[in-house]
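>>> Quick one: sequence and predicted model below, then my questions.
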Amino acid sequence: MRPTPLTARRTGAALAVLTLSAALAACQPLASTAPGAAAPTSAPTPSGQTDPQAGGSSTGDSTSNSAGSSQSDVPQGLENLYNQGIDWQDCSDGTSPFQCGTVTVPLDYDNPGGRTITIALKKLPASDGDAENGSLFINPGGPGASGILTLETLATALPKELRASYDVVGFDPRGIGQSTPITCWTDDEINQALTDAQNGKLSDLASIDTASSTYVSAQEKINLGAADAAACTQHSEVPELLDHVGTRNVARDLDVLRATNGNTKLNYLGTSYGTYIGAIYADLFPGRVGRTVLDGAMDPSRHWADGVAEMTAFKEGVLRQYVEHCQAQGSCPLSGSTDEAIAQLTAFVDGLDQDPLTAPGSNVTVNAQEATTIVRDYAIEKPDWEELTAMLTPAMSNHDGALMVKAKQSALAPQLPTTAEQAVSRANNLFMAAAVICNDYPDTAETVANWDAQSAAEKKASPFFGGTSNGLEAYCRGWGHRAQTPPRETHAEGSNPILIVGLTKDSRTLYPWAQSLTDQLDNGHLLTVEGPGHITFGRNACATAAMTDFLVNGTVPAEGATCAAEPQPAGGDNGNGPGGGQPASSPQG
């Protein structure tokens, strides 16, 4: 393993991996989309506007499954790639009824005649054998999540109407999984990760999480990024890929996938970070936007570090609400004013690196990073305030960690790799999170001293979650592979309707981001979902029904449409950062 300079690390709020894989796995298949699901309020039904191009017309229709692109639509120099065929075959892993294939794309779109890489796809053919709406491409987020693995998980939970009208296609974005990957580790490191997993420990093969720690200076974060980038350059088959994994290139790849799958328009369901891909695609190719749903939306006009700072403040605010609720119950281990109670909780959690929580009869311990994650999950993500109080009371009063150890084990068990393939996939997710984000956002040119001062000020304002929001920005300076295009508003002028879905208490992709993206888009439409959580497709019956109606029939929810909150699936969403689905120790999104 690559050594880190720390023994004390906290997850904090600096990096956020936007994924949906684990969230979808926790969904109750099809139950939330049963007939009779509640329609959004503020309108009689979610039928305020109908896509004027819906209905199966082969001329300019958003669901056409005819030839992919006319020669005049193809960017110069890419004709052969846009017109290549896909040799769909039974998948080598034996999964059925899926089919697998690959598409060739340029490494560098500014040099279309240069080196190429491959994008791997997996298709779930339409259940009626017709796919009258063409292909529906899905992306679960990340950055770093595999669309192929997500499709396998999602398949049984897809609404029947959607399954009948589309071939559903998942893809691994460039650098990820079965596509031309980035590799940043040795076989020995993977074997060590498996050994650790057998002992109940989740290992990090990257330094990314360390970069989010309150206890690491900006210069140390820079050094960590440089070390990880050097490892990726050394071990990757195509090291130049590190400079070409940004979201704009993924969006260009997606247009090639659209064309090679025989679609004149792109029908797309993106969740969490996948909404960023969809928004950038719409801005680059507004005339090719078909039925597009962006669920748990990011705001492309915000710099990453600014977005993380907003999430930090949001989470700290919710934690304060929890403390006030806890103290009102009369059996709370936190005393004094709200500020004093937060200080007590922070000191207790920080002290767990020197004196971890234990449980009788177990060798499992809970350190500061793990306790921070538990507090975040139960105070904000799930939430379950009574259960959190029940855990904190014995832990803070008697240093009895039995309940926290149990919570850790419950969250950790599904994340421990049991095969080398799983360990490699997790390592790839970790590195790709940083690789994509660094490649998307130009350096802010802040000095190390300014970064450290910002961290100190944020820690003072948000004592529990603060002090880490610029961690990835410093890490990216060391990483070195940076974008040249600054964040900017996304308009997609002249596009078909785009449906944006936002949860009012989402701590990973904040509700104001969904509002902002809707306002920016020339033809954006917002569906509001009340309550906490992250991602609504498959998790909220009303929202899922509205999204399905839009994707299948082109029906746009009425302006102001709102879906009520619904109970979260059992066990909550233990993913990390604005995206969930990744191990608790990985970056947040």
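Perfect, thanks for sending it. Residues are numbered from 1 along each chain as shown.

>>> Would you check that residue 353 makes contact with residue 366?
No: assessed by C-beta atoms under 8 Å, residue 353 is found out of contact with residue 366, at 10.5 Å. Quick note: C-beta positions are derived from backbone N, CA and C, even for glycine.

>>> any low-confidence regions in this structure?
1-39, 41-72, 212-215, 568-589 (pLDDT under 70).

>>> biggest helix in it by residues?
Taking DSSP state H as the assignment, the helix of the chain that covers the most residues is helix 304-328.

>>> what about stretch 157-175, how long is it end to end?
By C-alpha to C-alpha, to the nearest Å, the extent of stretch 157-175 from end to end equals 27 Å.

>>> Distance from the chain centre to it, please.
On the basis of C-alpha atoms, centre = their mean, to the nearest Å, the separation between the geometric centre of stretch 157-175 and that of its chain is 17 Å.

>>> got it, and stretch 421-441?
In terms of C-alpha atoms, centre = their mean, the centre of stretch 421-441 is set 12 Å apart from its chain centre.

>>> in the longest helix of the chain, what's buried?
Along helix 304-328, these residues count as buried under the neighbour rule (16 or more other C-beta atoms under 10 Å): 304-316, 318-320, 322-323, 326-327.

>>> State whether residue 136 is indeed within a strand.
Yes: in this structure, residue 136 lies within a strand as judged by DSSP: H, G, I helix; E, B strand; the rest coil.

>>> didn't it look like it was pressed against residue 169?
Yes: using C-beta under 8 Å as the test, residue 136 is close enough to residue 169 to be in contact (6.9 Å).

>>> if we can go back for a sec, neighbour count: residue 353 and residue 366, which is higher?
The neighbour comparison of residue 353 against residue 366 (other C-beta atoms under 10 Å) goes to residue 366, with 25 against 17.

>>> Please enumerate the strands of the stretch 1-150 of the chain.
Counting by DSSP state E, counting those that start in this stretch, the stretch 1-150 of the chain forms strands over residues 49-50, 89-90, 99-106, 116-124, 135-139, given from the N-terminal end onward.

>>> most packed of those strands?
The highest mean neighbour count among these belongs to strand 135-139 (a mean of 27), with neighbours defined as mean count of other C-beta atoms under 10 Å.

>>> Parallel or antiparallel, which strands does that strand pair with?
Strand 135-139 has these partner strands in its sheet, going by DSSP bridges: strand 167-172 (parallel), strand 266-271 (parallel).

>>> Which of the ones you listed sits closest to residue 428?
Across these, the minimum distance to residue 428, taken as C-beta to C-beta, is reached by strand 167-172, at 9.4 Å.

>>> what about the nearest residue to residue 458 once chain neighbours are set aside, how many neighbours?
If the residues on either side of it in the chain are set aside, residue 458 comes closest to residue 466, at 4.1 Å by C-beta to C-beta, 6 or more residues apart in numbering. Summarising burial for residue 466: neighbours were counted as other C-beta under 10 Å, giving 23.

>>> for residue 466, helix, strand, or coil?
At residue 466 the chain is in coil, as set by three-state DSSP.

>>> right, and it touches residue 314 too?
No: at 11.6 Å, residue 466 and residue 314 do not qualify as touching, with contact defined as C-beta under 8 Å.

>>> just the helices in the stretch 401-550 of the chain please.
Secondary structure of the stretch 401-550 of the chain (DSSP state H, counting those that start in this stretch): helices at 402-412, 420-440, 448-461, 471-479, 511-520, 541-553.

>>> If you count contacts, what does the second one end up packed against?
To tie it back to what came earlier, the one meant is helix 420-440. helix 187-198, helix 218-235, helix 247-260, helix 471-479 (3 or more C-beta pairs under 8 Å, 6 or more residues apart in numbering; DSSP states H and E).

>>> do you know which of those lies nearest residue 502?
Ranking the helices and strands packed on helix 420-440 by their distance to residue 502 (criterion: C-beta to C-beta) puts helix 247-260 first, at 19.7 Å.

>>> now the angle between strand 266-271 and that closest one, please.
Angle between the axes of helix 247-260 and strand 266-271 is 140 degrees (criterion: axes from the mean of the first three to the mean of the last three C-alpha atoms, to 10 degrees).

>>> coming back round to it: tell me which of the helices and strands packed on helix 420-440 sits most buried.
Most buried of the helices and strands packed on helix 420-440, by mean neighbour count (mean count of other C-beta under 10 Å): helix 471-479, with a mean of 27.

>>> which secondary structure elements does that helix contact?
Using 3+ C-beta pairs under 8 Å, 6+ apart, the elements in contact with helix 471-479 are helix 218-235, helix 304-328, helix 420-440, helix 448-461.

>>> and residue 375, how many residues sit next to it?
Applying other C-beta under 10 Å, I find that residue 375 has 23 neighbouring residues.

>>> residues in contact with it?
Residues counted as contacts of residue 375 (C-beta atoms under 8 Å, 6 or more residues apart in numbering) are 319, 345, 349, 388, 392, 464.

>>> Weed out the non-buried ones from those.
Of the members of those, the ones counted as buried by neighbours, 16+ other C-beta under 10 Å, are 319, 345, 349, 388, 392, 464.

>>> any idea which residue of the chain is furthest from its center?
Among the C-alpha atoms of the chain, the one most distant from their mean position (C-alpha atoms, centre = their mean) is that of residue 330, at 38.0 Å.

>>> From residue 308, how far out is that one?
Computed with C-beta to C-beta, to the nearest Å, the distance linking residue 330 and residue 308 is 36 Å.

>>> Which parts of the stretch 1-150 of the chain are helices?
According to DSSP H, counting those that start in this stretch, the stretch 1-150 of the chain carries its helices in the segments 21-25, 79-82, 147-154.

>>> Of the helices and strands packed on helix 420-440, which is nearest residue 283?
If you check each of the helices and strands packed on helix 420-440 against residue 283 by C-beta to C-beta, helix 247-260 wins as the nearest, at 8.4 Å.

>>> chain center to the closest one, what's the gap?
What separates the centre of helix 247-260 from the centre of its chain is 19 Å, taken as C-alpha atoms, centre = their mean.

>>> Mind giving me the packing neighbours of it?
Here helix 247-260 is seen to pack against helix 79-82, strand 99-106, strand 116-124, strand 135-139, strand 167-172, strand 266-271, helix 273-284, helix 420-440 when contacts are counted using 3+ C-beta pairs under 8 Å, 6+ apart.

>>> Packing partners of the first one?
Translated: helix 79-82. In terms of contacts (3+ C-beta pairs under 8 Å, 6+ apart), helix 79-82 is packed against strand 99-106, helix 247-260.

>>> residues of stretch 395-402 that come out buried?
Buried residues in stretch 395-402, defined by neighbour count with 16+ other C-beta under 10 Å: 395, 396, 400, 401, 402.
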